[in-house]
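Q: Here is my input, please return the structure:
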Amino acid sequence: MVALRRPEDEALIDEFVDAIWLAEQLATHTVNSYRLDLGIWSDWLQENGIALLAARRDDVQAFLARQARTLKAATLARRLASLRKFYRHWQQSDRIKEDPTETLRSPKRVRPLPKALSEAQVEALLAAPEIGEAAGLRDRAMLELMYATGMRVSELVALGSDALHLGDDYLTVLHGKGDKQRLVPIGEVAQDWLKRYLKEARGLLVAGRFVPTVFVNQRGEPMTRQGAWYIIKQYAAGSGIDADKLSPHVLRHAFATHLLDHGADLRIVQSLLGHADIGTTQIYTHIARVRLQALHQHLPRRKSRDASG
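A: Model prediction:
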């Protein structure tokens, strides 16, 4: 059982929390998180006979190593951030000369794998719109285009008519800082749906008005990112796709994963997605590997034969 916290340490925590709450107008849950993290740290120090402002870098490392046995990287990183802010405050107040957390790196957070739909789920999603209606034909063209190219939703809704080069089987999209231009190949199926939308449905939606973007909403105005995401969610729900598999980039993730499943080169996928760093693209190789392992586990097992037979 932990002994009662030193009054002087409790006072230091209270004074620090009051100071940052007043200076930064923090939310209650943020203040409580600081108090919790610092209380756990103070209790650990007390167990080891160390005063709060006497802690050294080695003490912080030992504490984090102990905490790492039971905490996720994200929680551990938050705990170190609380300690870092605490000691920086007292260093700036001239109560301590050195910040024991100054040279420590935050624990690396494991990036969660994006949810990937199976090819059958994508087929069901693509087939969901009612193409007998203008809006349904528009939605089918949007879904087909996102899956065929891996475009971001933001790139899709910003797509202008001048970006279409269908005679040469590609589009141009702007992405990243400085609006870098990326050439995006487009396959025959997606082209056919896009051409059909432009010929049969878009004119009905814009009703003779000039609208610079390819995709428009029911009022004939440029489609927004939120509007496109709402459409995806609605069709996914109607296709029986679990909500936890959804994100605005659900078709982008499926595009990348399925390309790798079918043997595409990682560098090509990186170029198609517009990733500056191949490390960002490599996350999809983990998804493909996990899917392959799951498939392998369900393969029928062959009985082993005697080598002499």
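Q: Phi and psi next, for Val184.
A: The phi and psi values for Val184, taken as degrees, to the nearest 10, are phi -120, psi 110.
Q: what about it, distance to Asn32?
A: 47 Å (C-beta to C-beta, to the nearest Å). For the C-beta atoms, the positions are set from N, CA and C on the backbone; glycine is no exception.
Q: who's more crowded, the two?
A: Higher neighbour count among Val184 and Asn32: Val184, with 22 against 12, using other C-beta atoms under 10 Å.
Q: what sits opposite the more buried one in the beta ladder?
A: Applying DSSP bridges to Val184 gives these bridge partners: Leu171.
Q: which residues touch Thr224?
A: When the contact criterion is C-beta atoms under 8 Å, 6 or more residues apart in numbering, the partners of Thr224 are 157, 217.
Q: Now do the phi/psi pair for it.
A: phi -100, psi 160.
Q: do Arg182 as well
A: phi -130, psi 130.
Q: How about Tyr147: what's its closest non-neighbour residue?
A: Counting by C-beta to C-beta, 6 or more residues apart in numbering, the nearest residue to Tyr147 once its immediate chain neighbours are dropped is Leu251, at 4.5 Å.
Q: how about the helix or strand harbouring the one you found: buried residues?
A: Using DSSP states H and E, Leu251 sits within helix 250-261. Residues of helix 250-261 classed as buried by neighbour count (16 or more other C-beta atoms under 10 Å): 250-261.
Q: Rounded mean pLDDT for that helix, please.
A: Helix 250-261 carries an average pLDDT of 85.
Q: Export the helix or strand hosting Leu145 to PDB, keeping only CA atoms.
A: Element membership for Leu145 (DSSP H and E) is helix 134-149. C-alpha atoms of helix 134-149 as PDB (Å, rounded to 0.1, in the frame of the first residue of the first chain):
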ATOM      1  CA  ALA A 134     -29.400  10.800 -61.800                       C
ATOM      2  CA  ALA A 135     -28.100  10.900 -58.300                       C
ATOM      3  CA  GLY A 136     -27.600   7.100 -58.300                       C
ATOM      4  CA  LEU A 137     -25.700   7.200 -61.500                       C
ATOM      5  CA  ARG A 138     -23.500  10.000 -60.100                       C
ATOM      6  CA  ASP A 139     -22.900   7.900 -56.900                       C
ATOM      7  CA  ARG A 140     -21.900   4.800 -59.000                       C
ATOM      8  CA  ALA A 141     -19.400   6.900 -60.900                       C
ATOM      9  CA  MET A 142     -18.000   8.300 -57.700                       C
ATOM     10  CA  LEU A 143     -17.600   4.900 -56.100                       C
ATOM     11  CA  GLU A 144     -16.100   3.300 -59.200                       C
ATOM     12  CA  LEU A 145     -13.700   6.200 -59.600                       C
ATOM     13  CA  MET A 146     -12.500   6.100 -56.000                       C
ATOM     14  CA  TYR A 147     -11.900   2.400 -56.100                       C
ATOM     15  CA  ALA A 148     -10.300   2.400 -59.500                       C
ATOM     16  CA  THR A 149      -7.800   5.200 -58.700                       C
END
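Q: Fine by me, we can end here.
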